[in-house]
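Undergrad: need the 3D shape of this:
(one chain, ligands or ions: 1)
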Amino acid sequence: MALRIGAVRLNLLLNSRCLHKFASFVGVRSLSEKVSSKPATSRPSDTTSDHLIYTQEHFALKEALRKLIDQEINPYVDKWEAEGTFPAHKIFKILGNAGFLGVSKPVEYGGLGLDFSYSVAVAEELGSISCGGIPMAIGVQSDMATPALARFGSDELKKEFLLPSIMGDKVACLGVSEVGAGSDVSSIMTKAERKGDEYVINGGKMWTTNGTQADWMCLLANTSDGPPHKNKSLICLPMNLPGVQVARKIDKMGMWSSDTAEVFFDDVRVPCKNVIGEEGMGFTYQMLQFQEERLWAVANVITTMDSIIQDTIQYTRQRKIFKQPVLYHQTVHFRLAELQTEVEALRSLLYRATALYIKGNDVTKLASMAKLKAGRLARELSDGCLQFWGGMGYTSDVPVSRFYRDSRLLSIGAGADEVMLGIICKYMDTLPRK
Ligand SMILES: Cc1cc2nc3c(=O)[nH]c(=O)nc-3n(C[C@H](O)[C@H](O)[C@H](O)COP(=O)(O)OP(=O)(O)OC[C@H]3O[C@@H](n4cnc5c(N)ncnc54)[C@H](O)[C@@H]3O)c2cc1C
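TA: Purely as a prediction, here's the structure:
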(Lines give C-alpha, C1' and ligand atoms only; values in the text may rest on other atoms or scores of the structure.)
Protein backbone atom coordinates (compact mmCIF):
# COMPACT_ATOMS: atom_id res chain seq x y z
CA MET A 1 0.00 0.00 0.00
CA ALA A 2 2.76 2.40 1.02
CA LEU A 3 4.55 1.60 -2.20
CA ARG A 4 1.42 2.28 -4.24
CA ILE A 5 0.90 5.64 -2.57
CA GLY A 6 4.57 6.37 -3.14
CA ALA A 7 4.27 5.49 -6.82
CA VAL A 8 1.25 7.79 -7.20
CA ARG A 9 3.12 10.63 -5.52
CA LEU A 10 6.13 9.95 -7.65
CA ASN A 11 4.05 10.13 -10.79
CA LEU A 12 2.51 13.39 -9.61
CA LEU A 13 5.96 14.77 -9.04
CA LEU A 14 7.21 13.44 -12.33
CA ASN A 15 4.50 15.43 -14.01
CA SER A 16 5.67 18.59 -12.34
CA ARG A 17 8.42 20.74 -13.82
CA CYS A 18 10.86 19.97 -11.10
CA LEU A 19 11.29 16.22 -11.23
CA HIS A 20 11.55 16.27 -14.99
CA LYS A 21 14.96 17.81 -14.51
CA PHE A 22 16.56 15.06 -12.53
CA ALA A 23 14.38 12.29 -13.97
CA SER A 24 15.98 12.92 -17.33
CA PHE A 25 19.13 11.22 -16.06
CA VAL A 26 17.50 7.83 -15.74
CA GLY A 27 14.42 8.15 -17.93
CA VAL A 28 11.05 8.58 -16.28
CA ARG A 29 9.92 5.02 -16.89
CA SER A 30 13.06 3.36 -15.59
CA LEU A 31 13.13 5.75 -12.66
CA SER A 32 9.67 4.79 -11.45
CA GLU A 33 10.36 1.09 -12.09
CA LYS A 34 13.59 1.21 -10.17
CA VAL A 35 12.05 3.12 -7.31
CA SER A 36 9.16 0.72 -6.84
CA SER A 37 11.21 -2.44 -7.12
CA LYS A 38 14.50 -1.60 -5.49
CA PRO A 39 15.17 -3.95 -2.58
CA ALA A 40 16.53 -2.65 0.70
CA THR A 41 20.10 -3.79 0.30
CA SER A 42 23.32 -1.92 -0.26
CA ARG A 43 23.37 0.76 2.42
CA PRO A 44 21.51 0.63 5.72
CA SER A 45 19.64 3.92 5.07
CA ASP A 46 18.45 2.92 1.64
CA THR A 47 15.22 1.25 2.62
CA THR A 48 12.33 2.57 0.62
CA SER A 49 9.57 1.87 3.12
CA ASP A 50 9.21 3.02 6.71
CA HIS A 51 12.10 5.43 6.37
CA LEU A 52 12.12 8.13 9.03
CA ILE A 53 12.24 11.08 6.62
CA TYR A 54 12.62 9.80 3.07
CA THR A 55 9.83 8.97 0.65
CA GLN A 56 9.99 7.27 -2.73
CA GLU A 57 10.77 10.66 -4.24
CA HIS A 58 13.83 11.12 -2.05
CA PHE A 59 15.13 7.75 -3.18
CA ALA A 60 14.37 8.56 -6.81
CA LEU A 61 16.27 11.82 -6.45
CA LYS A 62 19.23 10.03 -4.88
CA GLU A 63 19.30 7.39 -7.55
CA ALA A 64 19.24 9.96 -10.37
CA LEU A 65 22.06 11.88 -8.71
CA ARG A 66 24.07 8.70 -8.23
CA LYS A 67 23.84 8.02 -11.93
CA LEU A 68 25.06 11.53 -12.74
CA ILE A 69 27.95 11.19 -10.29
CA ASP A 70 29.00 7.85 -11.78
CA GLN A 71 28.91 9.29 -15.31
CA GLU A 72 30.11 12.84 -14.95
CA ILE A 73 32.17 13.12 -11.79
CA ASN A 74 33.73 9.97 -10.34
CA PRO A 75 35.66 8.96 -13.50
CA TYR A 76 37.59 12.27 -13.27
CA VAL A 77 38.09 12.67 -9.53
CA ASP A 78 41.63 11.26 -9.39
CA LYS A 79 42.70 13.64 -12.16
CA TRP A 80 41.12 16.66 -10.44
CA GLU A 81 42.61 15.69 -7.09
CA ALA A 82 46.04 15.57 -8.72
CA GLU A 83 45.45 18.92 -10.44
CA GLY A 84 44.30 20.57 -7.20
CA THR A 85 41.09 21.91 -8.73
CA PHE A 86 38.03 20.80 -10.68
CA PRO A 87 36.04 22.55 -13.45
CA ALA A 88 33.33 24.07 -11.24
CA HIS A 89 31.49 25.84 -14.07
CA LYS A 90 31.22 22.67 -16.13
CA ILE A 91 30.13 20.43 -13.25
CA PHE A 92 27.75 22.98 -11.74
CA LYS A 93 26.09 23.44 -15.13
CA ILE A 94 25.46 19.70 -15.37
CA LEU A 95 24.12 19.60 -11.82
CA GLY A 96 22.11 22.81 -12.35
CA ASN A 97 20.48 21.55 -15.53
CA ALA A 98 19.36 18.48 -13.61
CA GLY A 99 17.99 20.56 -10.72
CA PHE A 100 20.38 19.37 -8.00
CA LEU A 101 21.69 22.80 -7.02
CA GLY A 102 18.39 24.09 -5.69
CA VAL A 103 16.17 21.25 -4.58
CA SER A 104 14.82 23.20 -1.63
CA LYS A 105 14.94 26.62 -3.30
CA PRO A 106 11.87 28.42 -4.71
CA VAL A 107 10.60 27.26 -8.09
CA GLU A 108 10.40 30.85 -9.40
CA TYR A 109 14.19 31.10 -9.15
CA GLY A 110 14.91 27.75 -10.77
CA GLY A 111 14.68 25.58 -7.65
CA LEU A 112 12.59 22.46 -7.20
CA GLY A 113 10.57 23.93 -4.33
CA LEU A 114 10.97 20.83 -2.16
CA ASP A 115 11.60 20.86 1.58
CA PHE A 116 15.05 20.71 3.21
CA SER A 117 14.90 16.94 3.67
CA TYR A 118 15.54 16.72 -0.09
CA SER A 119 18.70 18.79 0.35
CA VAL A 120 19.76 16.33 3.03
CA ALA A 121 19.10 13.46 0.61
CA VAL A 122 21.18 15.19 -2.07
CA ALA A 123 23.98 15.88 0.44
CA GLU A 124 23.96 12.21 1.43
CA GLU A 125 24.22 11.08 -2.16
CA LEU A 126 26.98 13.59 -2.93
CA GLY A 127 28.92 11.59 -0.33
CA SER A 128 29.26 8.90 -3.00
CA ILE A 129 31.64 11.19 -4.91
CA SER A 130 35.00 9.61 -4.31
CA CYS A 131 36.58 12.62 -2.58
CA GLY A 132 35.51 15.29 -0.10
CA GLY A 133 36.54 18.39 -2.07
CA ILE A 134 33.94 18.31 -4.84
CA PRO A 135 30.93 17.68 -2.58
CA MET A 136 32.13 20.54 -0.37
CA ALA A 137 32.35 22.87 -3.38
CA ILE A 138 28.83 21.84 -4.46
CA GLY A 139 27.53 22.28 -0.90
CA VAL A 140 28.91 25.82 -0.76
CA GLN A 141 26.93 26.60 -3.90
CA SER A 142 23.67 24.93 -2.93
CA ASP A 143 23.46 25.16 0.86
CA MET A 144 26.05 27.54 2.29
CA ALA A 145 26.28 30.67 0.13
CA THR A 146 22.63 30.78 -0.97
CA PRO A 147 20.16 30.01 1.87
CA ALA A 148 20.08 33.60 3.22
CA LEU A 149 19.70 35.03 -0.28
CA ALA A 150 16.81 32.67 -1.00
CA ARG A 151 15.10 33.52 2.28
CA PHE A 152 15.73 37.24 2.67
CA GLY A 153 17.03 38.61 -0.65
CA SER A 154 15.10 40.98 -2.89
CA ASP A 155 13.52 39.71 -6.08
CA GLU A 156 16.11 41.63 -8.11
CA LEU A 157 19.03 40.08 -6.21
CA LYS A 158 17.56 36.61 -6.48
CA LYS A 159 17.20 37.00 -10.24
CA GLU A 160 20.77 38.24 -10.57
CA PHE A 161 22.55 35.80 -8.22
CA LEU A 162 20.28 33.00 -6.96
CA LEU A 163 18.71 31.90 -10.22
CA PRO A 164 22.00 31.58 -12.14
CA SER A 165 23.57 29.78 -9.17
CA ILE A 166 20.73 27.25 -9.05
CA MET A 167 20.92 26.81 -12.83
CA GLY A 168 24.69 26.30 -12.61
CA ASP A 169 25.51 29.37 -14.70
CA LYS A 170 27.30 31.18 -11.87
CA VAL A 171 29.67 29.79 -9.25
CA ALA A 172 29.16 31.12 -5.72
CA CYS A 173 31.44 31.34 -2.72
CA LEU A 174 30.93 32.30 0.91
CA GLY A 175 33.12 35.02 2.44
CA VAL A 176 32.84 34.86 6.21
CA SER A 177 36.24 33.80 7.60
CA GLU A 178 39.19 36.16 7.62
CA VAL A 179 42.87 35.89 8.51
CA GLY A 180 42.11 37.18 12.00
CA ALA A 181 38.57 35.85 12.48
CA GLY A 182 37.31 32.31 11.94
CA SER A 183 35.66 30.85 15.02
CA ASP A 184 34.77 34.30 16.30
CA VAL A 185 32.66 35.51 13.38
CA SER A 186 31.64 38.63 15.27
CA SER A 187 35.23 39.96 15.12
CA ILE A 188 35.57 40.18 11.32
CA MET A 189 37.22 43.39 10.10
CA THR A 190 36.12 43.71 6.46
CA LYS A 191 34.28 46.97 6.16
CA ALA A 192 31.56 48.05 3.73
CA GLU A 193 31.23 51.80 4.11
CA ARG A 194 28.14 53.44 2.69
CA LYS A 195 28.93 56.26 0.25
CA GLY A 196 25.80 57.52 -1.49
CA ASP A 197 24.02 54.52 -2.94
CA GLU A 198 27.17 52.38 -2.95
CA TYR A 199 29.22 50.48 -0.39
CA VAL A 200 32.98 50.85 -0.57
CA ILE A 201 34.51 47.59 0.62
CA ASN A 202 37.97 47.15 2.12
CA GLY A 203 39.47 44.14 3.84
CA GLY A 204 39.90 40.50 2.92
CA LYS A 205 38.59 36.98 3.26
CA MET A 206 40.47 33.78 4.00
CA TRP A 207 39.74 30.10 3.28
CA THR A 208 37.21 30.90 0.57
CA THR A 209 36.05 27.63 -1.02
CA ASN A 210 35.47 28.05 -4.81
CA GLY A 211 37.25 31.40 -4.39
CA THR A 212 39.46 31.17 -7.48
CA GLN A 213 36.55 30.25 -9.76
CA ALA A 214 33.60 32.08 -8.23
CA ASP A 215 31.49 34.64 -10.08
CA TRP A 216 30.07 36.11 -6.87
CA MET A 217 30.57 36.01 -3.15
CA CYS A 218 28.04 36.03 -0.34
CA LEU A 219 30.11 38.45 1.71
CA LEU A 220 29.77 39.18 5.41
CA ALA A 221 31.05 42.69 6.16
CA ASN A 222 30.70 45.38 8.80
CA THR A 223 28.35 48.04 7.53
CA SER A 224 28.40 50.21 10.67
CA ASP A 225 30.32 50.75 13.89
CA GLY A 226 27.50 49.39 16.05
CA PRO A 227 27.65 46.34 18.37
CA PRO A 228 29.27 43.30 16.65
CA HIS A 229 26.04 41.30 16.33
CA LYS A 230 24.12 44.21 14.80
CA ASN A 231 26.67 45.93 12.56
CA LYS A 232 27.07 43.28 9.87
CA SER A 233 25.41 42.70 6.54
CA LEU A 234 25.46 39.99 3.92
CA ILE A 235 26.20 41.45 0.49
CA CYS A 236 26.13 39.85 -2.98
CA LEU A 237 29.52 40.79 -4.37
CA PRO A 238 30.39 40.13 -8.02
CA MET A 239 33.96 38.83 -8.09
CA ASN A 240 34.84 40.66 -11.32
CA LEU A 241 34.54 44.14 -9.79
CA PRO A 242 37.63 46.37 -9.82
CA GLY A 243 39.49 45.99 -6.52
CA VAL A 244 38.62 42.32 -5.91
CA GLN A 245 41.87 40.43 -5.92
CA VAL A 246 42.19 36.65 -5.57
CA ALA A 247 45.58 36.75 -3.88
CA ARG A 248 46.40 33.06 -3.82
CA LYS A 249 45.16 29.51 -3.92
CA ILE A 250 45.91 27.87 -0.59
CA ASP A 251 47.80 24.56 -0.51
CA LYS A 252 46.01 22.14 1.80
CA MET A 253 46.37 18.83 3.65
CA GLY A 254 43.19 17.46 2.05
CA MET A 255 40.19 18.44 -0.08
CA TRP A 256 42.70 18.79 -2.92
CA SER A 257 40.23 19.11 -5.79
CA SER A 258 38.48 22.03 -4.08
CA ASP A 259 40.14 25.39 -4.59
CA THR A 260 40.51 27.51 -1.45
CA ALA A 261 41.43 31.17 -1.87
CA GLU A 262 42.54 34.22 0.00
CA VAL A 263 40.77 37.29 -1.38
CA PHE A 264 41.48 41.00 -0.86
CA PHE A 265 39.14 43.97 -1.34
CA ASP A 266 40.59 47.35 -2.16
CA ASP A 267 37.97 50.11 -2.49
CA VAL A 268 35.50 47.75 -4.14
CA ARG A 269 32.31 49.60 -5.04
CA VAL A 270 29.07 47.69 -4.96
CA PRO A 271 25.49 49.08 -5.07
CA CYS A 272 23.73 49.20 -1.69
CA LYS A 273 20.83 47.28 -3.22
CA ASN A 274 23.15 44.23 -3.19
CA VAL A 275 22.62 43.85 0.54
CA ILE A 276 20.66 40.71 1.42
CA GLY A 277 17.54 41.54 3.42
CA GLU A 278 17.98 44.23 6.04
CA GLU A 279 21.25 46.06 6.60
CA GLY A 280 22.67 45.13 10.02
CA MET A 281 21.03 41.69 10.06
CA GLY A 282 23.94 39.87 8.41
CA PHE A 283 25.22 38.18 11.56
CA THR A 284 21.77 36.80 12.36
CA TYR A 285 21.22 35.65 8.76
CA GLN A 286 24.64 33.97 8.73
CA MET A 287 23.89 32.12 11.97
CA LEU A 288 20.64 30.88 10.41
CA GLN A 289 22.50 29.95 7.24
CA PHE A 290 24.94 27.91 9.36
CA GLN A 291 22.12 25.56 10.45
CA GLU A 292 21.61 24.31 6.91
CA GLU A 293 25.35 24.25 6.29
CA ARG A 294 25.91 22.06 9.34
CA LEU A 295 23.11 19.61 8.62
CA TRP A 296 24.33 19.41 5.03
CA ALA A 297 27.88 18.63 6.19
CA VAL A 298 26.67 15.85 8.49
CA ALA A 299 24.52 14.25 5.78
CA ASN A 300 27.38 14.44 3.32
CA VAL A 301 29.95 12.67 5.51
CA ILE A 302 27.65 9.82 6.58
CA THR A 303 27.63 8.14 3.15
CA THR A 304 31.42 8.22 2.98
CA MET A 305 31.62 6.78 6.49
CA ASP A 306 29.43 3.87 5.38
CA SER A 307 31.49 3.21 2.30
CA ILE A 308 34.83 3.43 4.13
CA ILE A 309 33.60 0.80 6.60
CA GLN A 310 32.42 -1.38 3.70
CA ASP A 311 35.75 -0.94 1.85
CA THR A 312 37.60 -1.89 5.02
CA ILE A 313 35.48 -5.00 5.50
CA GLN A 314 36.20 -6.06 1.93
CA TYR A 315 39.91 -5.40 2.18
CA THR A 316 40.39 -7.08 5.55
CA ARG A 317 38.33 -10.08 4.49
CA GLN A 318 40.71 -10.89 1.64
CA ARG A 319 43.98 -9.84 3.34
CA LYS A 320 45.40 -12.69 5.42
CA ILE A 321 47.67 -12.39 8.44
CA PHE A 322 48.66 -15.23 10.73
CA LYS A 323 46.77 -17.66 8.47
CA GLN A 324 43.40 -15.94 8.67
CA PRO A 325 41.75 -12.84 7.25
CA VAL A 326 42.56 -9.61 9.11
CA LEU A 327 38.80 -9.22 9.58
CA TYR A 328 38.52 -12.43 11.61
CA HIS A 329 40.59 -11.02 14.42
CA GLN A 330 38.08 -10.01 17.03
CA THR A 331 39.62 -6.63 17.65
CA VAL A 332 39.01 -5.82 13.97
CA HIS A 333 35.40 -6.93 13.50
CA PHE A 334 34.41 -5.64 16.93
CA ARG A 335 35.92 -2.24 16.15
CA LEU A 336 34.10 -2.06 12.82
CA ALA A 337 30.86 -2.95 14.59
CA GLU A 338 31.45 -0.16 17.11
CA LEU A 339 32.11 2.34 14.35
CA GLN A 340 29.00 1.32 12.38
CA THR A 341 26.96 1.69 15.59
CA GLU A 342 28.26 5.23 15.98
CA VAL A 343 27.38 6.00 12.35
CA GLU A 344 23.82 4.75 12.93
CA ALA A 345 23.50 6.96 16.03
CA LEU A 346 24.69 9.95 14.01
CA ARG A 347 22.27 9.14 11.20
CA SER A 348 19.37 9.05 13.67
CA LEU A 349 20.39 12.42 15.09
CA LEU A 350 20.60 13.89 11.59
CA TYR A 351 17.16 12.60 10.59
CA ARG A 352 15.61 13.79 13.85
CA ALA A 353 17.09 17.27 13.44
CA THR A 354 15.98 17.38 9.79
CA ALA A 355 12.44 16.22 10.59
CA LEU A 356 12.12 18.94 13.22
CA TYR A 357 13.69 21.57 10.95
CA ILE A 358 11.29 21.01 8.07
CA LYS A 359 8.42 21.44 10.53
CA GLY A 360 9.76 24.92 11.28
CA ASN A 361 11.53 24.24 14.60
CA ASP A 362 14.78 25.83 15.72
CA VAL A 363 17.25 22.94 15.60
CA THR A 364 20.38 24.90 16.47
CA LYS A 365 21.15 22.62 19.41
CA LEU A 366 20.60 19.35 17.55
CA ALA A 367 22.39 20.56 14.41
CA SER A 368 25.37 21.61 16.54
CA MET A 369 25.38 18.25 18.31
CA ALA A 370 25.22 16.42 14.99
CA LYS A 371 28.07 18.53 13.55
CA LEU A 372 30.19 17.95 16.67
CA LYS A 373 29.56 14.21 16.59
CA ALA A 374 30.19 14.00 12.84
CA GLY A 375 33.57 15.76 13.10
CA ARG A 376 34.73 13.60 15.97
CA LEU A 377 33.45 10.37 14.46
CA ALA A 378 35.06 11.16 11.10
CA ARG A 379 38.40 11.44 12.85
CA GLU A 380 37.86 8.24 14.84
CA LEU A 381 36.54 6.27 11.90
CA SER A 382 39.12 7.37 9.34
CA ASP A 383 41.96 6.67 11.75
CA GLY A 384 40.47 3.37 12.98
CA CYS A 385 39.78 2.00 9.49
CA LEU A 386 43.09 3.20 8.05
CA GLN A 387 44.90 1.21 10.73
CA PHE A 388 43.41 -2.07 9.45
CA TRP A 389 44.77 -1.41 5.94
CA GLY A 390 48.35 -1.53 7.22
CA GLY A 391 50.88 0.00 4.82
CA MET A 392 48.24 0.17 2.08
CA GLY A 393 46.32 2.63 4.24
CA TYR A 394 49.35 4.88 4.28
CA THR A 395 49.45 5.15 0.47
CA SER A 396 47.66 7.93 -1.37
CA ASP A 397 45.90 5.43 -3.62
CA VAL A 398 43.19 4.13 -1.33
CA PRO A 399 39.91 5.87 -0.42
CA VAL A 400 40.56 5.49 3.30
CA SER A 401 43.67 7.68 3.19
CA ARG A 402 41.85 10.33 1.12
CA PHE A 403 39.01 10.27 3.66
CA TYR A 404 41.55 10.55 6.50
CA ARG A 405 42.94 13.75 4.93
CA ASP A 406 39.67 15.24 3.72
CA SER A 407 37.47 14.57 6.72
CA ARG A 408 39.87 16.18 9.20
CA LEU A 409 38.35 19.49 8.13
CA LEU A 410 34.96 18.64 9.61
CA SER A 411 36.10 19.33 13.18
CA ILE A 412 37.48 22.73 12.10
CA GLY A 413 35.38 24.22 9.27
CA ALA A 414 31.84 25.61 9.53
CA GLY A 415 32.38 26.06 13.26
CA ALA A 416 35.06 24.07 15.10
CA ASP A 417 34.12 21.37 17.63
CA GLU A 418 34.68 23.83 20.44
CA VAL A 419 32.32 26.34 18.83
CA MET A 420 29.67 23.59 18.63
CA LEU A 421 30.27 22.80 22.32
CA GLY A 422 29.83 26.48 23.16
CA ILE A 423 26.45 26.57 21.36
CA ILE A 424 25.28 23.36 23.03
CA CYS A 425 26.33 24.73 26.44
CA LYS A 426 24.41 27.92 25.73
CA TYR A 427 21.27 25.86 25.14
CA MET A 428 22.02 23.80 28.27
CA ASP A 429 22.46 27.07 30.20
CA THR A 430 25.79 25.93 31.60
CA LEU A 431 28.03 28.76 30.43
CA PRO A 432 29.62 30.90 33.16
CA ARG A 433 27.35 33.83 33.99
CA LYS A 434 28.72 37.32 33.39
C1 LIG B 1 39.54 23.89 3.49
C2 LIG B 1 38.76 24.97 4.16
C3 LIG B 1 37.67 25.52 3.53
C4 LIG B 1 36.97 26.57 4.12
N5 LIG B 1 35.95 27.18 3.43
C6 LIG B 1 35.42 28.33 3.92
C7 LIG B 1 34.52 29.10 3.16
O8 LIG B 1 34.15 28.73 2.04
N9 LIG B 1 34.06 30.27 3.66
C10 LIG B 1 34.43 30.71 4.89
O11 LIG B 1 33.96 31.77 5.30
N12 LIG B 1 35.27 30.00 5.67
C13 LIG B 1 35.79 28.83 5.20
N14 LIG B 1 36.69 28.12 5.96
C15 LIG B 1 37.08 28.63 7.26
C16 LIG B 1 36.64 27.80 8.44
O17 LIG B 1 35.26 27.92 8.64
C18 LIG B 1 37.49 28.24 9.62
O19 LIG B 1 38.77 27.69 9.42
C20 LIG B 1 36.93 27.84 10.95
O21 LIG B 1 35.78 28.59 11.23
C22 LIG B 1 37.95 28.03 12.08
O23 LIG B 1 38.46 29.32 12.07
P24 LIG B 1 40.05 29.56 12.12
O25 LIG B 1 40.67 28.70 11.08
O26 LIG B 1 40.30 31.00 12.03
O27 LIG B 1 40.49 28.99 13.51
P28 LIG B 1 40.51 29.85 14.91
O29 LIG B 1 39.29 30.67 15.00
O30 LIG B 1 41.82 30.52 15.02
O31 LIG B 1 40.41 28.67 15.95
C32 LIG B 1 41.53 27.81 16.21
C33 LIG B 1 41.08 26.72 17.15
O34 LIG B 1 40.66 27.27 18.38
C35 LIG B 1 39.77 26.37 19.02
N36 LIG B 1 38.58 27.11 19.48
C37 LIG B 1 37.71 27.82 18.75
N38 LIG B 1 36.75 28.33 19.53
C39 LIG B 1 37.02 27.93 20.80
C40 LIG B 1 36.39 28.11 22.05
N41 LIG B 1 35.26 28.83 22.17
N42 LIG B 1 36.95 27.53 23.15
C43 LIG B 1 38.08 26.81 23.03
N44 LIG B 1 38.72 26.58 21.87
C45 LIG B 1 38.20 27.15 20.77
C46 LIG B 1 39.38 25.33 17.97
O47 LIG B 1 40.07 24.13 18.24
C48 LIG B 1 39.86 25.94 16.68
O49 LIG B 1 40.16 24.96 15.70
C50 LIG B 1 37.36 27.03 5.40
C51 LIG B 1 38.45 26.45 6.05
C52 LIG B 1 39.17 25.46 5.45
C53 LIG B 1 40.38 24.91 6.16
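Undergrad: going by C-alpha atoms from here, please, whenever you check contacts or count neighbours.
TA: Fine.
Undergrad: how much space between Cys425 and the ligand?
TA: Using C-alpha to the nearest ligand atom, to the nearest Å, Cys425 is found at 11 Å from the ligand.
Undergrad: give the buried residues for the helix or strand hosting that residue.
TA: In the assignment (DSSP states H and E), Cys425 maps to helix 417-428. Under the neighbour-count criterion of 16 or more other C-alpha atoms under 10 Å, helix 417-428 has Asp417, Val419, Met420, Leu421, Ile423, Ile424 buried.
Undergrad: so the closest residue to the ligand within the stretch 301-434 of the chain, which of the three states?
TA: The ligand sits closest to Gly413 of the stretch 301-434 of the chain, with a gap of 3.8 Å, by C-alpha to the nearest ligand atom. Three-state assignment for Gly413 (DSSP: H, G, I helix; E, B strand; the rest coil): coil.
Undergrad: OK, contacts around Met144?
TA: For Met144, the contacting residues are Leu174, Gln289, Phe290, Glu292, Glu293, by C-alpha atoms under 8 Å, 6 or more residues apart in numbering.
Undergrad: closest to Met305 among those residues?
TA: Nearest to Met305 among the contacts of Met144: Glu293, at 18.6 Å, using C-alpha to C-alpha.
Undergrad: count of neighbours near that closest one?
TA: 21 (other C-alpha atoms under 10 Å).
Undergrad: just the one 4 residues further on next, same as before
TA: Ala297 sits with 27 neighbouring residues when counted by other C-alpha under 10 Å.
Undergrad: kindly report the residues of this protein close to the ligand.
TA: Proximity of the chain to the ligand is confined to 174-177, 181-184, 207-209, 412-416, 418-419 under the rule C-alpha under 6 Å from any ligand atom.
Undergrad: hmm, back to that, now, the most widely separated pair of the contacts of Met144?
TA: Within the contacts of Met144, Leu174 and Glu292 form the most distant pair, 13.7 Å apart (C-alpha to C-alpha).
Undergrad: for the protein, which segments count as strands?
TA: Taking DSSP state E, the strands of the chain run over residues 172-175, 191-195, 198-209, 216-222, 232-238, 244-249, 260-271, 320-321, 324-325.
Undergrad: possible to save the ones you listed as a markdown table with mean neighbour count and mean pLDDT?
TA: Below are the strands of the chain laid out as a markdown table (neighbours: other C-alpha atoms under 10 Å; pLDDT from 0 to 100):
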| stretch | mean neighbour count | mean pLDDT |
| --- | --- | --- |
| strand 172-175 | 27 | 98 |
| strand 191-195 | 19 | 98 |
| strand 198-209 | 22 | 98 |
| strand 216-222 | 26 | 98 |
| strand 232-238 | 27 | 98 |
| strand 244-249 | 18 | 96 |
| strand 260-271 | 20 | 98 |
| strand 320-321 | 12 | 97 |
| strand 324-325 | 14 | 98 |
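Undergrad: including distance to Leu126, could those strands go into TSV?
TA: Formatted as TSV, the strands of the chain follow (distance: least, C-alpha to C-alpha, whole Å):
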stretch	distance to Leu126
strand 172-175	18
strand 191-195	35
strand 198-209	17
strand 216-222	23
strand 232-238	26
strand 244-249	24
strand 260-271	19
strand 320-321	33
strand 324-325	32
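Undergrad: thinking again about what came up before, just the mean pLDDT for the helix holding Cys425, thanks.
TA: Helix 417-428 shows a mean pLDDT of 98.
Undergrad: contacts for that helix next, please.
TA: The contact list for helix 417-428 (C-alpha under 8 Å, 6+ apart) reads Ser183, Thr364, Lys365, Ser368, Met369, Lys371, Leu372, Gly375, Arg376, Ser411, Leu431.
Undergrad: may I ask you to confirm that the first one is in contact with Val176?
TA: Translated: Ser183. No - checked against C-alpha atoms under 8 Å, the pair Ser183 and Val176 is beyond contact range at 10.1 Å.
Undergrad: so the two - more neighbours on which side?
TA: Between Ser183 and Val176, counting by other C-alpha under 10 Å, Val176 is the more crowded of the two (26 against 17).
Undergrad: settle this for me: the more buried one is touching Lys205, isn't it.
TA: Yes - Val176 is within contact range of Lys205, at 6.8 Å (criterion: C-alpha under 8 Å).
Undergrad: what distance do you get for the residue of the chain most remote from its centre to Glu108?
TA: Each residue of the chain has a distance to the centre, and by C-alpha atoms, centre = their mean the biggest one is for Lys323: 43.3 Å. To Glu108, Lys323 is 63 Å away according to C-alpha to C-alpha, to the nearest Å.
Undergrad: what does Ile424 give?
TA: Taking C-alpha to C-alpha, one finds Ile424 at 36 Å from Glu108.
Undergrad: before we move on, what about Ser411?
TA: For Ser411 relative to Glu108 (C-alpha to C-alpha), the value is 36 Å.
Undergrad: do Phe334 as well
TA: The gap separating Phe334 from Glu108 is 51 Å, by C-alpha to C-alpha.
Undergrad: quick one: low-confidence parts of this protein?
TA: 1-49 (pLDDT under 70).
Undergrad: try it again with 90
TA: Scanning the chain for pLDDT under 90 picks out 1-50, 226, 228, 289-291, 397, 434.
Undergrad: please parse it into its domains.
TA: Following automatic domain parsing, one gets these domains for the chain: 2-166, 172-280, 284-428.
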